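**Q** Fold the following and give me the result.
(2 chains)
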Amino acid sequence: MRKRTVNALGVALATSLTAALPTLAQAETVKVGMITTLSGGGSGLGIDVRDGFLLAITGSDDIELIIEDDQRKPDVAVQIADKMIQSDKVDVLTGIIFSNLAMAVVPAAVNQGKFYLSPNAGPSALAGKGCHENYFNVAWQNDNLHEAAGGYANSAGHANSFILAPNYPAGKDALTGYKRYYTGKLAGELYTKLGQTDYAAEIAQIRASDADSVYFFLPGGMGISFMKQWSQSGIELPVIGPAFSFDQGILSAVGDAALGVRNTSQWSKDLDNEANRKFVADFQAQYGRLPSLYASQGYDTGKLLLSAMSKASVNDADAFRTALEAADFASTRGSFAFDSSHHPIQDIYVREVVREGDVLTNTIVSRALEQHSNVYAAECAM
Amino acid sequence: MSAGLVAEQLLNGLQFGVMLFLMSAGLTLVFGVMGLINLAHGSLYMVGAYAAALVAGWTGSFWAGLAASLMAAAIAGALVEMVVLRRLYRRDHLDQVLATFALILMFSEGTRWLFGAFPLYLNVPASLSGTVLLPMGIVYSKYRLAIIVCGMAVALGLFILIGRTRLGVRIRAGQSDRQMIAALGVDIATLYTVVFALGAALAGLAGALVGAIQSVEVGMGEPVLILAFVVIVIGGIGSIKGALVGAILVGMTDTMGRFLLPVMFKNFMDGATASSVGSALASMLIYIVMATVLIFRPSGLYGKPA
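**A** Down below sits the predicted model:
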């Protein structure tokens, strides 16, 4: 179990990217280590981040990419990071999906002078007091999408929400984020077991309450289970969730039960800007499936890296950092900038699950939060 | 809190218990008859769910998927028994744990390799979709009710099979003295394969039934496997009756704990803390029950004293 598994596809792609292209004298290669989840539960997320990132850097001959699978285990992620830093001598690390793994890897890596570009996890511990000049989050601070959902619930006229999330740090952040913006009453607040797959007991309590809406944060298989059981329960209350439970990778598994659900996201397939149109078309052409928000985050991470590389040498850390801070790239999200704590300032949208032909996907309904940063930014002394 | 809500939660507990019974019946049979610890039982549950999702996807019929889940899991079980496990009966339990743990990894990564990392779709059949109105004003999911009925029917079938048929006599004989029944001319190798395939088919059935209301994905079997082990330890290893009683006890304890503990804590703390503490304690509750049972009955409720 402790043996590191090198993803064959990733390595093949990485070597073809570097080996096929002659190293030009003036081009200086940047070594990038990608640690992400490619096997077991949660691997769909890592695969999308990886594919989005690879798509973004296609055609660039200056990146040497090493990809390894963290198996969603913090100890494995730490071993890989040590190896990448000490023996592979990478300049930039990226790829981690889950917040607990990010907490195990990121602080040590940035303190050794490496840059870390997060394509997903944005724990609050790395956002405020724990911020670091070499840590950049290209996705969101963990609370963001939940805050947007709380704001949306107000505007949709919900005044008595029933909220639930798994009993672990990100679950508590989620409900805290929701309550930070939501102004109505709570019909109930439940913490479920992490990894729980049967929600009969929770659904019965929602039925017995006088709630007018339900907000849930149940990532991955938990959300699929909840939505399927919810649709069998015959309760007809509006459901709101963050994009994680209604994204492209899992919609097909939820099926029609998801139709019409409103969810909050910083990205959607139908965002109307040139970078996004190109990304969606290229992703489909390359991989034969619709991109997810994770893929868009991986793609933006790749584009951010390329933009910094075109301005400064990675060996000049201060110049490279300034180049990253400028975020001078065409994001799939349209407007994108970093705040003082290196987290995104971006719009967050409300999407609705719709059927297009025979696939389920999302379409933007409204904008929930405009140019949104995060509440911890002010605590960051950088 | 109305009486209707409590009754509905009791039904939920029963349904969860019945599902656990399908899972643990096979596990306890295999352990009881062959003395084999099979960690890969959860993988057979996953095989059943995947087979059901694929066949239901191709044919559009949930029932064809259900039949496929039984067959696929039984075939996978029989193959595993003949190719790998047969060599392990005389070995130490630790060797068995190691080998069957390797099987989990092979099943998981093999499934991911064949069918991808994204969860598959499997939905309840239209005829069982929606709710029924039960006495006391309980609105209950038809499908969950069907799981209860199906699980009870399987339990009855197993009691008849073990208690009333020739195969059952052989299984019970194998449990008490395997050398003796081999000496009496029973083909013990075939008997073991049949028992293992039967246990696998039950796990596959549980996977397919549950897959329709949960997520069909790689690694779905492992959390259930742990609960199934708790069930057979409480019930007494090798006893089908113990598995049934243990499963319903665990199902009830878990569901009612999740429901009642947060309500109880709300009397003396604020909502969010009560829910968090209640939920944490509820997830420990079945292990507390297991420990308590083991203090008074070290070999489980219906186990034979070691």
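**Q** hey, where'd the helices end up in chain B?
**A** Secondary structure of chain B (DSSP state H): helices located at B:3-34, B:41-59, B:62-83, B:93-115, B:142-164, B:166-176, B:178-183, B:188-211, B:221-235, B:240-265, B:271-296.
**Q** again but with chain A, I slipped
**A** Secondary structure of chain A (DSSP H): helices at A:8-19, A:43-57, A:74-86, A:99-111, A:144-155, A:169-181, A:200-208, A:221-233, A:248-254, A:274-287, A:293-311, A:317-326.
**Q** So which elements touch the third one?
**A** It refers to helix A:74-86. Helix A:74-86 sits against strand A:30-36, strand A:63-69, strand A:92-94, helix A:99-111, with contacts defined as 3 or more C-beta pairs under 8 Å, 6 or more residues apart in numbering or on different chains; DSSP states H and E. Yep, even glycine has a C-beta here, placed from its N, CA and C like the rest.
**Q** How about A:Ala139: what's its closest non-neighbour residue?
**A** A:Gln297 (4.5 Å; C-beta to C-beta, 6 or more residues apart in numbering or on different chains).
**Q** typo on my end, it should be B:Trp63
**A** Using C-beta to C-beta, 6+ apart, the closest residue to B:Trp63 is B:Pro125 (6.9 Å).
**Q** so what's that neighbour up against?
**A** Neighbouring residues of B:Pro125 by C-beta atoms under 8 Å, 6 or more residues apart in numbering or on different chains: B:61-63.
**Q** Can you get me a residue count around B:Pro223?
**A** Number of residues near B:Pro223 (other C-beta atoms under 10 Å in any protein chain shown) recorded here: 15.
**Q** whoops, B:Leu184 was the one
**A** Around B:Leu184 there are 11 residues (other C-beta under 10 Å).
**Q** gap between it and chain A?
**A** Separation of B:Leu184 from chain A (C-beta to the nearest C-beta, to the nearest Å): 44 Å.
**Q** any idea how far the closest residue to B:His93 other than its chain neighbours is from B:Leu191?
**A** By the measure of C-beta to C-beta, 6+ apart, the closest residue to B:His93 outside its immediate chain neighbours is B:Ile37, 5.5 Å from it. Using C-beta to C-beta, to the nearest Å, B:Ile37 is found at 19 Å from B:Leu191.
**Q** do the same with B:Leu66
**A** B:Leu66 sits 27 Å away from B:Leu191, going by C-beta to C-beta.
**Q** So what touches the least confident helix or strand in chain B by mean pLDDT?
**A** When each helix and strand of chain B is scored by mean pLDDT, DSSP states H and E, helix B:178-183 comes last, with a mean of 84. With C-beta under 8 Å, 6+ apart as the test, helix B:178-183 has contacts from B:170, B:173-174, B:188.
**Q** The same query, at a cut-off of 10 Å, please.
**A** B:33-35, B:89, B:169-175, B:177, B:186-189, B:191-192 (C-beta atoms under 10 Å, 6 or more residues apart in numbering or on different chains).
**Q** Need the buried ones from those selected in ChimeraX.
**A** Selecting the buried subset of the contacts of helix B:178-183 in ChimeraX, with 16 or more other C-beta atoms under 10 Å in any protein chain shown as the burial test, is done by:
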select /B:33,34,35,170,171,173,174,175,186,188,191,192
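**Q** Please tell me the pLDDT value assigned to A:Asn120.
**A** Per-residue pLDDT puts A:Asn120 at 93.
**Q** what does A:Leu293 give?
**A** For A:Leu293, the pLDDT comes out at 93.
**Q** got a list of what the closest residue to it other than its chain neighbours touches?
**A** Nearest residue to A:Leu293, sequence neighbours excluded (C-beta to C-beta, 6+ apart): A:Trp267, at 4.8 Å. Counting by C-beta under 10 Å, 6+ apart, A:Trp267 touches A:139-140, A:243, A:247, A:276, A:279, A:291-297, A:299-300, A:331-334, A:346-349, A:351, A:362, A:364.
**Q** of those residues, buried ones?
**A** Among the contacts of A:Trp267, those classed as buried by neighbour count (16+ other C-beta under 10 Å) are A:139-140, A:243, A:247, A:276, A:279, A:291-297, A:299-300, A:331-333, A:346-349, A:351, A:362, A:364.
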